[in-house]
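Student: Show me how the following folds:
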Amino acid sequence: MSPAVTSLRRQGSAVALLGFAGIALLALSQPIWLVGSLVVWAYCLYLLFGGLEENIRDGESAPLASLGWPTLVTLARGMLLAVVAGFLFTPMPLGVRAYFPAGAYTLAVLLDHVDGRLARAMGRATRLGERLDMEVDAAGILIASLLAVQYGKLPLWYVVIGLARYLFVLGIEWRRRQGRVVLELEPNALRRVLAGVQMGFLAVSLWPPLPLEASLFAAPFFAGASLAMFARDWWRVSGRLHRAA
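Tutor: Residues are numbered from 1 along each chain as shown. The predicted model follows:
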């Protein structure tokens, strides 16, 4: 193990302990809250420690010896998602506490516009940071869609949006195991825009003041845009779009 990776492991361990301490404090009044929060935080740590050797900038071969502020911001977003996930296993909070899940997820969404810009501004764009960012986005969409459905703010079928990326990845893996064609996805700015729009819609949907009728009315439009992009990407990776062209 290189000295850089050893240093990264120490930093990751400190972040992990800090996160666990925060979760433990928040769960003092309602221990069942730990069920969802610990699972999500453990998943974030799995991604972090499993990718430390990818803490490399494009064009370089050696990992950076520090996680850097952009990656720490992404991990902070993961911590916020752990907070949101805790509410999946508790009764819907009342009073001021009813705003906590929406507030935590909204902050995680807003910070999504910070980590990438920081990485570019500081010259800290790494493969690890890119992977963490993408996985935290996907986990957040799944958690927020599940919670919005649980609170009755979105219809049950909207969970498909949360599962879409994971089903997409499983589909690709299945095709590879079957020896079928799997093409690379080309960069597409619209893909990122739609993900941001989806996260924004879910954040707004979770806020208690939003009328139920409004979120239910808007759901098919936001879901349709995301599903259309997934369908288009599936046609691309499976080679069907290439053959049709």
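Student: Tell me where this structure has helices.
Tutor: 3-26, 34-50, 68-86, 100-122, 127-150, 159-177, 189-206, 212-237, 240-244 (DSSP state H).
Student: Return the third one as CSV; C-alpha atoms alone will do.
Tutor: Only the C-alpha atoms of helix 68-86 are listed here, as CSV (Å, rounded to 0.1, in the frame of the first residue of the first chain):
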residue,chain,number,x,y,z
GLY,A,68,-9.5,17.4,-0.6
TRP,A,69,-12.4,19.7,0.1
PRO,A,70,-14.5,18.7,-2.9
THR,A,71,-14.6,15.0,-1.8
LEU,A,72,-15.3,16.1,1.8
VAL,A,73,-18.3,18.1,0.5
THR,A,74,-19.5,15.0,-1.3
LEU,A,75,-19.2,13.0,1.8
ALA,A,76,-21.1,15.7,3.7
ARG,A,77,-23.9,15.2,1.2
GLY,A,78,-23.7,11.5,1.9
MET,A,79,-24.1,12.2,5.6
LEU,A,80,-27.1,14.4,4.9
LEU,A,81,-28.7,11.5,3.0
ALA,A,82,-28.0,9.2,5.9
VAL,A,83,-30.1,11.7,8.0
VAL,A,84,-32.9,11.6,5.5
ALA,A,85,-32.8,7.8,5.3
GLY,A,86,-33.3,7.6,9.1
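Student: which strands and helices sit next to it?
Tutor: Judged by 3 or more C-beta pairs under 8 Å, 6 or more residues apart in numbering; DSSP states H and E, the packing partners of helix 68-86 are helix 3-26, helix 34-50, helix 100-122, helix 127-150. C-beta coordinates here come from the backbone N, C-alpha and C atoms, glycine included.
Student: residues near the closest residue to Met92 other than its chain neighbours, how many?
Tutor: The shortest distance from Met92 to any non-neighbouring residue, by C-beta to C-beta, 6 or more residues apart in numbering, is to Tyr151 (5.8 Å). Counted with other C-beta atoms under 10 Å, residues neighbouring Tyr151 total 19.
Student: Give me the phi and psi angles of Tyr151.
Tutor: Main-chain torsions, Tyr151, degrees, to the nearest 10: phi -80, psi 0.
Student: what's the pLDDT at it?
Tutor: Confidence at Tyr151, expressed as pLDDT, is 93.
Student: I'd guessed it sits against Leu206; true?
Tutor: Yes: between Tyr151 and Leu206 there is a contact under C-beta atoms under 8 Å: 7.2 Å.
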